[in-house]
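# pasted the sequence and its predicted model underneath.
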Amino acid sequence: MSMQEEDPIVESPSSIYVIVQLTPTERWSALPREERTRWVEDRFAQLSESFAGDRSGPLWSQITEMHTTRGIERSIVMLWRIADDAALSGLGDVLQRDDVSAYFGVATIGGFRADDRAAIAAPLIDV
């Protein structure tokens, strides 16, 4: 019996990458851990419906701390690969839900994959 190799991840030329920053509100912090776990699982299940059979989805997440005049603010930063309009719409739908905005301050940044240094440098120059 021969082992078949998995298909490598192929980058779609139309893929975009979206950074989502979620800053928890007091309402989120007040929820018991079990409720937070259930809520997160429900949101990921909802996203999976948009990403079914797709190369879209979360690639990375990290808790970050920012020192501000208000003190230290903790946020969750996530990097998403979005391969098509259905996935982009699904992520947008979830991020615009009333419960998401009640539990988190949401900020997003999206862009296309840069193929070379000039494409990466252009926004720095053009700002």
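Yep, it's here.

# contacts and neighbour counts: CA atoms only from here.
OK.

# so where is the protein shaky, pLDDT-wise?
Applying pLDDT under 70 to the chain flags the ranges 1-14, 52-54, 112-116.

# which residues in it form strands?
Here the chain has its strands, by DSSP state E, at 16-24, 57-68, 71-82, 104-112.

# most packed of these?
Ranked by mean neighbour count, the strands of the chain are led by strand 16-24 with a mean of 20 (mean count of other Cα atoms under 10 Å).

# just checking: what are the partner strands of that strand?
Paired strands of strand 16-24, with direction, are strand 71-82 (antiparallel), strand 104-112 (antiparallel) (DSSP bridges).

# ok, Ser56 touching Asp85?
No. With contacts counted by Cα atoms under 8 Å, Ser56 stays clear of Asp85, the gap being 10.3 Å.

# so which of the two has more stuff around it?
Ser56 (22 against 12; other Cα atoms under 10 Å).

# what's the single longest helix in this structure?
Ordering each helix of the chain by length in residues (DSSP state H) puts helix 33-51 first.

# that one: which residues count as buried?
Neighbour counts over helix 33-51 (16 or more other Cα atoms under 10 Å) mark Leu47, Ser48, Ser50, Phe51 as buried.
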